[in-house]
Every structure is written in structure tokens, then in C-alpha cells.
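[1] sequence first, then the predicted structure:
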Amino acid sequence: EDQVTQSPEALRLQEGESSSLNCSYTVSGLRGLFWYRQDPGKGPEFLFTLYSAGEEKEKERLKATLTKKESFLHITAPKPEDSATYLCAVSILTGGGNKLTFGTGTQLKVEL
Amino acid sequence: GAGVSQSPSNKVTEKGKDVELRCDPISGHTALYWYRQRLGQGLEFLIYFQGNSAPDKSGLPSDRFSAERTGESVSTLTIQRTQQEDSAVYLCASSLITSSDEQYFGPGTRLTVT
């Protein structure tokens, strides 16, 4: 069974304090790994897709990396507006479509 | 352009009633997905539509759940004889094609069954 596990469940950082969120996955064949950001009361907002081990993508203060077993979302010098729940999801090679299996998320709080 | 829209934003219903949730995908997006997000749990896949192909219903939790899509536009998710465990946020997403393209989510419908 495909599984996605995110850690930590919650993370509190001071503004400017860099850290990383982890997403470990067990799938039969990875098609893609996705990172989303979700603010309270809103739908997930797409951040990155990673397809193969060694791939990295960056956007502002965020950088996502991928290995064969896990992905990291690195947050450099975070600001309070980075506070949100960060979701990781995978899609697999077998079967049609691109249905995503999600982890339960990491709730990030960045304080002044 | 406009994003994915969903209606209603909130729905409170009594146990045993039927409900209909609506999703308007991004224009031109051929793939449409429904997910459910229960409190403290990850998003769960429910159903996916791609063009005129038969939908993938593998995530529907029971036969009380059904969905339809009109061509490549609006979709409705229907829950019959609602139960308290159906309380959740129901999210719709659309994407250009069904490969690894990113999915764009709507704001969701919060369903509360009393």
C-alpha cells in the first residue's frame, strides 16, 4: 500500500530560523512527488513537483529535494507569512490518471 | 484567469439527507478530481474524471457517494443518506492532462452532518 509520512507534525520557528520538513514515502513506482501549501480555510496551493532522485526545485525561500525514499522542503530565513500547513503527496506509475496520496502535513508557525 | 470554484462553501445538513456539491474547474482543464479532507487526516482521493473516459471511482467510500461531470466542465458530487462520518471538507482539483501535471485546488466545501 502506498504511504506518505510527514514529520514533524508541527514546527515552530523564529523569523529567520531555517529548517527542513520531511516527507518519506513508500510507493510501488513513483511518478511524481508534490508539495503543496495550505492556509486555514483554503484549498491546497501548488508549490513543486519532483520526478526523480537528485532533483531540486526552488521558489523564493523554499527549496524541495528528492531522494529514492524521501523529500525535504527546506525553508531558508522564514517569515511569518510562511506560516501554513505544508502537504506532501505522491502519484504512482501504475493505473490511469494522477490521483494523489497525501501525507497529513506539517503545520508550520513562524514567529517574530 | 479564474481558478477552481466550489459551491456551497459551507453546508450543514441533517443525518439521512442527500447533499450535492458543485465544482467548476479551470477552463481548458481536462482532468478533474475530488478529494475529502477529514479533521486531522490527509486528503483522501475519491474520484477522477478525464474527458469522455469512464471515471476512476476507486476512492469512493461507499455506494452512497456518486459524481458526475458534464463534458469537460462542471462536476457534482452527491452524497445520499448522509452520515456523521461524512462530515469533512470536500475539495475539487483540476489539471491540464492526466500525467504528472500539477493539480489546482478549489477552496473546498465544508460539510457538517448533524
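    Looks like it came in fine.

[2] buried stuff in stretch B:13-31?
    When neighbours are counted by 16 or more other CB atoms under 10 Å in any protein chain shown, the buried residues of stretch B:13-31 are found to be B:Thr13, B:Val19, B:Leu21, B:Cys23, B:Asp24, B:Pro25, B:Ile26, B:His29, B:Thr30, B:Ala31. For glycine as for every other residue, the C-beta is placed from the backbone atoms N, C-alpha and C.

[3] wait, stretch B:43-54
    Neighbour counts over stretch B:43-54 (16+ other CB under 10 Å) mark B:Leu43, B:Glu44, B:Phe45, B:Leu46, B:Ile47, B:Tyr48, B:Phe49, B:Gln50 as buried.

[4] what does the pLDDT read for the last one?
    We note a pLDDT of 87 for B:Gln50 in this prediction.

[5] with distance to A:Lys59 and secondary structure as added columns, please give the buried residues of stretch B:43-54 in TSV.
    Compiled in TSV, the buried residues of stretch B:43-54 are given as follows (distance: CB to CB, whole Å; DSSP: H, G, I helix; E, B strand; the rest coil):
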residue	distance to A:Lys59	secondary structure
B:Leu43	21	strand
B:Glu44	27	strand
B:Phe45	26	strand
B:Leu46	29	strand
B:Ile47	30	strand
B:Tyr48	27	strand
B:Phe49	29	strand
B:Gln50	28	strand
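
[6] could you find the closest non-adjacent residue to residue 7?
    Going with chain A. Leaving out its chain neighbours, the residue that sits closest to A:Ser7 by CB to CB, 6 or more residues apart in numbering or on different chains is A:Asn22, at 4.9 Å.

[7] think we crossed wires, I meant chain B
    Once its chain neighbours are removed from consideration, B:Ser7 has its nearest residue in B:Arg22; the separation is 4.9 Å (CB to CB, 6+ apart).

[8] re earlier: surely the residue nearest to A:Ser7 is in contact with A:Glu70?
    Yes: applying CB atoms under 8 Å as the test, A:Asn22 and A:Glu70 come out as touching, 6.1 Å apart.

[9] for chain A, what are the low-confidence residue spans?
    Counting by pLDDT under 70, chain A shows low-confidence ranges at A:94-97.

[10] picking that back up, the residue nearest to B:Ser7: what's it in contact with?
    B:Gln6, B:Ser7, B:Pro8, B:Val74, B:Ser75, B:Thr76 (CB atoms under 8 Å, 6 or more residues apart in numbering or on different chains).

[11] for my notes, confirm it occurs in a strand.
    Yes: B:Arg22: assigned to a strand according to DSSP: H, G, I helix; E, B strand; the rest coil.

[12] for A:Thr101, what are its contacts?
    So A:Thr101 contacts A:Asp2, A:Gln3, A:Val4, A:Val27, A:Ala89, A:Val90, A:Ser91, A:Ile92, B:Gly42, B:Phe45 (CB under 8 Å, 6+ apart).

[13] ok, A:Gly41 next?
    Taking CB under 8 Å, 6+ apart as the definition of contact, the neighbours of A:Gly41 are B:Pro107.

[14] ok, it to A:Arg61 distance?
    23 Å (CB to CB, to the nearest Å).

[15] with B:Phe45 instead?
    Per CB to CB, B:Phe45 is found 30 Å from A:Arg61.

[16] can you count the residues close to B:Pro8?
    Per other CB atoms under 10 Å in any protein chain shown, the neighbour tally for B:Pro8 reads 13.

[17] I'd say it and B:Pro107 touch.
    No: counting by CB under 8 Å, B:Pro8 sits too far from B:Pro107 to count as a contact (10.8 Å).
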